[in-house]
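Asks: Need a 3D model of the sequence below.
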Amino acid sequence: MRYRDLLQAQPIDALRAGLQAAVPGVDIDAARLDAWRRVAPAAPRPIGLQAQRQAGRVFVGAASALGRVTPATLRQLADLVATRGDGTIRLTPWQGILLPNVAARDGAAVLAHLAALGFATRPGDPLASLAACAGTTGCDRGKADTKADALRLAAALAAAGIAPDLHLSGCIRSCASARVAAFTLEAVATGRYDLYARDDNAPHRFGRRIAERITPESAIAFLKP
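Replies: Numbers count the residues shown, from 1 in each chain. The predicted structure is shown next:
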């Protein structure tokens with residue numbers, strides 16, 4: 001159970017008492033427990049070319065498409081870092097990759113190669129800010145094929161020129177995102193979703209519902225600035 005759900009499932013005093021019993025002698029401040037909230041990252045995800053401290057070197061950042069990379073893609077990625085980098089691939093917490101120690105003169109070519117492999121290589125790419133759970137193809141609780149729906153939606157978002165902070169969840173559990181995104185599409189049936197806007201004062205875990213039983217592409221009308 002995530003901490004935000006734990007606080008909803010039991011009173012803060014009960015949580016404090018349980019923790020106090022587990023670690024006797026340590027003063028546990030209930031007010032601090034109740035006030036804790038996940039802090040949003042202050043800096044954007046490092047996607048694209050980033051200068052290193054070493055002169056003439058860059059690291060290249062990219063996001064995998066919805067957290068999935070095929071074995072064939074991994075092999076090509078390994079070949080790429082062996083020939084254009086130092087053989088290192090670093091994985092990031094947001095399902096991306098970093099390729100360090102690339103010669104600055106090779107940076108653009110490496111970035112283009114990653115794009116050809118299906119990685120998101122621009123901060124404004126919808127796939128860089130879109131999350132989706134396993135859906136019906138990998139989870140019994142999923143009510144829609146969230147991965148396939150998310151790929152179609154990403155293409156439509158790119159055509160619309162927007163890249164919102166958006167999460168497609170196959171059910172209420174929110175397995176693909178530990179935080180509440182600005183917008184969440186919760187599957188209610190095959191190809192149908194309820195759309196929520198984050199609102200910490202709303203009773204629903206995803207926020208305030210702004211549309212019901214819509215197709216993923218229909219959400220774009222609600223997501224435009």
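
Asks: State the three-state secondary structure for Asp194.
Replies: strand (DSSP: H, G, I helix; E, B strand; the rest coil).

Asks: Pull the contacting residues for it.
Replies: 185-186, 188, 209, 211-214 (C-beta atoms under 8 Å, 6 or more residues apart in numbering). Heads up, the C-betas are built off the backbone N, CA and C, glycines and all.

Asks: Write the ChimeraX selection for whichever of those are buried.
Replies: This is the ChimeraX syntax for the buried subset of the contacts of Asp194, where burial follows 16 or more other C-beta atoms under 10 Å:
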select :185,186,214
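
Asks: okay if I get the contacts of Asp194 as CSV plus pLDDT, secondary structure and distance to Arg122?
Replies: Formatted as CSV, these follow (pLDDT from 0 to 100; DSSP: H, G, I helix; E, B strand; the rest coil; distance: C-beta to C-beta, whole Å):
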residue, pLDDT, secondary structure, distance to Arg122
Leu185, 98, strand, 23
Glu186, 98, strand, 28
Val188, 98, strand, 32
Arg209, 98, strand, 31
Ala211, 98, strand, 28
Glu212, 98, strand, 33
Arg213, 98, strand, 32
Ile214, 98, strand, 27
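
Asks: Kindly reformat the contacts of Asp194 as TSV containing distance to Pro93.
Replies: TSV is the format used below for the contacts of Asp194 (distance: C-beta to C-beta, whole Å):
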residue	distance to Pro93
Leu185	22
Glu186	24
Val188	30
Arg209	29
Ala211	30
Glu212	33
Arg213	33
Ile214	31
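
Asks: Give me the below-cutoff pLDDT ranges for the chain.
Replies: 1-8, 30, 33-44 (pLDDT under 70).

Asks: Going by residue numbers, what spans are helices in the protein?
Replies: Remark: helices assigned in the chain by DSSP state H are 3-9, 12-22, 30-35, 71-84, 107-116, 146-160, 220-223.

Asks: What is the end-to-end distance of stretch 187-194?
Replies: End-to-end span of stretch 187-194 (C-alpha to C-alpha, to the nearest Å): 6 Å.

Asks: go on, stretch 205-223?
Replies: 19 Å.

Asks: and Pro24, how many neighbours?
Replies: 6 (other C-beta atoms under 10 Å).

Asks: quick one on the thing from earlier: mind putting the helices of the chain in a markdown table, mean neighbour count and distance to Ala131 included?
Replies: Shown next, in a markdown table, are the helices of the chain (neighbours: other C-beta atoms under 10 Å; distance: least, C-beta to C-beta, whole Å):
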| stretch | mean neighbour count | distance to Ala131 |
| --- | --- | --- |
| helix 3-9 | 12 | 16 |
| helix 12-22 | 13 | 28 |
| helix 30-35 | 12 | 26 |
| helix 71-84 | 13 | 19 |
| helix 107-116 | 17 | 20 |
| helix 146-160 | 20 | 8 |
| helix 220-223 | 15 | 15 |
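
Asks: JSON lines please, covering those helices and showing distance to Ala51.
Replies: Formatted as JSON lines, the helices of the chain follow (distance: least, C-beta to C-beta, whole Å):
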{"stretch": "helix 3-9", "distance to Ala51": "37"}
{"stretch": "helix 12-22", "distance to Ala51": "45"}
{"stretch": "helix 30-35", "distance to Ala51": "38"}
{"stretch": "helix 71-84", "distance to Ala51": "16"}
{"stretch": "helix 107-116", "distance to Ala51": "9"}
{"stretch": "helix 146-160", "distance to Ala51": "27"}
{"stretch": "helix 220-223", "distance to Ala51": "33"}
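
Asks: now for those helices, which one comes closest to Ala202?
Replies: Of all the helices of the chain, helix 3-9 sits nearest to Ala202, with 12.5 Å by C-beta to C-beta.
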